[in-house]
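Enquirer: The sequence isn't on hand, but the structure is:
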Ligand code: SF4
Ligand code: SF4
């Protein structure tokens, strides 16, 4: 494993970790050396120490994607039509999915997700850390998310 120094949410948000080719290479080497089980144990240990409500950096910096089911569920919750949700707040990013027009996410209120129970699938899965994720994506997320940043 690359290091054992823990970076708090605050230090992290102050820009303690920066994207570099070296970071990507380090992550690549770690991925080669570690088995999936050990990696997931490390992810669980780090996740336990991080308070997402003190961070919310992913909701501020990344643009969430919405699949068809997300759009149905969330527009129903907002009591607007799918079309209204799609035209007011989202833009198409592929044939099957749309994404929010701008960051930070409009559902972020007081540093918390205001639609947490019905949030998009992609938000439920973030941060996706496993050996199948490529080192570039992990390095990009390692400078946004203190969980990824502390795992690698
Ligand atoms: S929907 Fe919620 S969890 Fe997803 S980016 Fe927006 S505020 Fe964050
Ligand atoms: S998932 Fe990562 S970036 Fe998002 S709030 Fe939690 S620690 Fe912060």
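Expert: Happy to help now that I have it. Keep in mind the model is a prediction, meaning the values are calculated, not measured. Ligands and ions are numbered 1, 2, ... in the order given.
Enquirer: shaky segments in this protein?
Expert: 1-4 (pLDDT under 70).
Enquirer: Residue numbers of it in contact with ligand 1?
Expert: Counting by CB under 6 Å from any ligand atom, the chain comes close to ligand 1 at 59, 64, 105, 107, 108, 113, 115, 119, 120, 123. Where you see a C-beta, it was placed from the backbone N, CA and C, and this is true even at glycine.
Enquirer: Now intersect these with the strands, please.
Expert: The strands, defined by DSSP state E, take in 108, 113 from those.
Enquirer: would you list the residues of the chain next to ligand 1 in CSV and tack on neighbour count and distance to residue 90?
Expert: Listed next are the residues of the chain next to ligand 1 as CSV, based on neighbours: other CB atoms under 10 Å; distance: CB to CB, whole Å:
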residue, neighbour count, distance to residue 90
59, 22, 16
64, 22, 10
105, 23, 11
107, 20, 12
108, 16, 16
113, 19, 17
115, 18, 14
119, 20, 14
120, 24, 11
123, 19, 14
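Enquirer: which secondary structure elements does the strand or helix carrying residue 149 contact?
Expert: Taking DSSP states H and E as the definition, residue 149 sits inside helix 146-151. Judged by 3 or more CB pairs under 8 Å, 6 or more residues apart in numbering; DSSP states H and E, helix 146-151 is in contact with helix 9-13, helix 36-49, helix 135-142.
Enquirer: Quick check: helices, which of the residues of the chain next to ligand 1 are part of them?
Expert: Among those, the residues falling in helices (DSSP state H) are 59, 123.
Enquirer: Up against ligand 2, what does the protein have?
Expert: Taking CB under 6 Å from any ligand atom as the test, the list of the chain residues beside ligand 2 reads 50, 52, 55, 56, 57, 58, 126, 127, 144, 145, 146, 147.
Enquirer: is it true that the fifth one touches residue 142?
Expert: No: in this structure residue 57 lies outside contact range of residue 142 using CB atoms under 8 Å: 11.7 Å.
Enquirer: Contacts made by stretch 16-33 with the rest, please.
Expert: 1-2, 7, 39, 131, 135-136, 138-140, 142-143, 149, 152 (CB atoms under 8 Å, 6 or more residues apart in numbering).
Enquirer: No more questions from me, cheers.
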